[in-house]
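**Student:** Give me a 3D structure for the following:
(2 chains)
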Amino acid sequence: MSETITLEVLRYHPETDSEPHFRSYTVPYKDEWVVLDALNHIKDNLDATLSYRWSCHMAVCGSCGMMINNEPKLSCHAFLRDYRGGVIRVEPLDHFPIERDLVIVMDSFMDKLSGVKPYLIPKEDRPLAEGEYLQSPAELNTFHRYTQCINCVLCYAACPQIGLNEDFVGPAALALAHRYNLDSRDGGRDARAEVVASNEGVWECTFVGACSQVCPKQVDPAAAIQQIKISASVDWLKNLLTPGGYR
Amino acid sequence: MARSNKPILWLPFAGGGLVAALIMPVLILITGVLVPLGVLHLHYETIAAVAHNPVGKLVLLGALALPAWHAAHRLRMTAHDLGLGGGIFVKAGCYGTAGLLTFTAALALILI
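**Tutor:** Okay, here's the model as predicted:
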C-alpha cells in the first residue's frame, strides 16, 4: 500500500455544530504536496463539505493562511514532507472568529487596515499636466520591503498582543502605514499618526517579533513598528517643545 | 483616536536600551574586571574629577538611571506578555523602583 498521512482538521458549521471539533482524514502522501493539496484532495474525494480559502497556490494571494501544527502558515507553503511520520493538525488562524471550518472572519483586520489609510496621500496637489511624481531607486528602496505584504494575516495569528488586546492595530496594518509614511511622494504621515501613534497603535507592541518570524514575504513588520516608535517619539517631543500642539 | 503619551516612558526605555547594550558592558569590564585584576590602572583623582564635574555628573546619571528605566519598562512589558496584566501594582513596582534608583543616583551625584 502506498504511503499516507493523516490530517486532523478543525471543523465548525455554525448552523449545526454547537462548538468546533476535530475530524481526521487520511490522504495519500506525496513529497511534492503541500497541506493545501491535501485539503483539496479531501474536498474532491473524501468530504465536499470542508470549507477553506485559497486561490493562487503560490504564496502570492495570501488567502490560505491556517494554523498548521500550531504555527501560522500559508497552507500552500507547508510541505507534507516536513511533517512526514506525524499527524498534521490544521486549524483556522488564531485570534480571529471562525466563519466556517478553516475560514476566519477578517472584518476586524479590514477595519484596522483602512484605518491607517494605506494609500498615497500626495504631499502636493499637482495638475496632471506636470507629469508623474518621480522617485529614485534609493527612495524606492526605503520602503520596498513593506510593499511585499499580501495581507495573509499570519502575523495577527502569531502576535501575542493581538491575543491580549484585539483592538491593537497589529503588525500588517502598521507595516503598511510605515510603507506609505516612508514614500517620498507621500504627505499623509500626520493623518495616519492619529491611529498609528495612538495607544492602540505601535505602543501596544512589546517587540516579541513573532510577526516577522512567521511572515511568508519577509516584510519584517516588527522592524517597521520599532521605526514608527522612534518617529512618533520625535513627533511627541517636538509637540512638547512647540506651542500649539501637533504640526 | 488621539496620539499617545507613551513616548514619555518609551524614550527612556529606548535610551536605556542603548546604554545597557553599548556602555554598561564596557563599564562592567573596566570597573568589575580589569581594575580589580590590576590589568588597568585608574587614578582615583581622575575618576573623582569626572564625578565632580557637572557634565560628568550628568553622564554618570544617564549611565545609571536610563538602564533602570529600560529594565522597568521591559519587566512591565514582560509581565503583560505573561498575562500578569498591567495593573497599578506592576506599574508602581517597576517604575517606582526605577524612580527610586534615579533619585538615589541623582542625590549621590549631587552630594559628591
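**Student:** Could you check how far A:Glu91 is from chain B?
**Tutor:** Distance of A:Glu91 to chain B, computed by C-beta to the nearest C-beta, to the nearest Å: 21 Å. Bear in mind the C-beta positions are built from the backbone N, C-alpha and C, glycine included.
**Student:** what about A:Glu130, distance to A:Leu7?
**Tutor:** 57 Å (C-beta to C-beta, to the nearest Å).
**Student:** more crowded one of the two?
**Tutor:** A:Leu7 (22 against 8; other C-beta atoms under 10 Å in any protein chain shown).
**Student:** other SSEs contacting the longest helix that chain B contains?
**Tutor:** Assignment by DSSP state H gives helix B:54-81 as the longest helix of chain B. Identification of packing neighbours for helix B:54-81 by 3 or more C-beta pairs under 8 Å, 6 or more residues apart in numbering or on different chains; DSSP states H and E yields helix B:7-18, helix B:24-28, helix B:44-52, helix B:88-111.
**Student:** Most tightly packed of those helices?
**Tutor:** Of all these, helix B:7-18 carries the top mean neighbour count, a mean of 19, counting by mean count of other C-beta atoms under 10 Å in any protein chain shown.
**Student:** Report all helices and strands that that one contacts.
**Tutor:** Counting by 3+ C-beta pairs under 8 Å, 6+ apart, helix B:7-18 packs on helix A:221-241, helix B:54-81.
**Student:** mind putting those helices in a markdown table, mean neighbour count, distance to A:Leu120 and mean pLDDT included?
**Tutor:** Listed next are the helices and strands packed on helix B:7-18 as a markdown table, based on neighbours: other C-beta atoms under 10 Å in any protein chain shown; distance: least, C-beta to C-beta, whole Å; pLDDT from 0 to 100:
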| stretch | mean neighbour count | distance to A:Leu120 | mean pLDDT |
| --- | --- | --- | --- |
| helix A:221-241 | 18 | 17 | 94 |
| helix B:54-81 | 18 | 34 | 93 |
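**Student:** okay if I get those as TSV plus distance to A:His41?
**Tutor:** As requested, the helices and strands packed on helix B:7-18 are arranged in TSV below (distance: least, C-beta to C-beta, whole Å):
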stretch	distance to A:His41
helix A:221-241	33
helix B:54-81	39
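**Student:** Select, out of the ones you listed, the one closest to A:Asn40.
**Tutor:** helix A:221-241 (29.8 Å; C-beta to C-beta).
**Student:** hmm, that closest one in reach of chain B?
**Tutor:** Yes: counting by C-beta under 8 Å from any C-beta of the partner chain, chain B is contacted by helix A:221-241 at A:229-230, A:232-233, A:235-237, A:239.
**Student:** How confident was the prediction at the residue positioned nearest the centre of chain A?
**Tutor:** Closest to where the C-alpha atoms of chain A average out (C-alpha atoms, centre = their mean) is A:Val153, at 2.2 Å. For A:Val153, the pLDDT comes out at 98.
**Student:** And A:Cys159, how close does it get to chain B?
**Tutor:** 11 Å.
**Student:** got the contact list for that residue?
**Tutor:** Contact partners of A:Cys159, counting by C-beta atoms under 8 Å, 6 or more residues apart in numbering or on different chains, are A:95, A:168, A:170-171, A:208, A:210-211.
**Student:** and if you look at B:Leu40?
**Tutor:** B:30, B:34.
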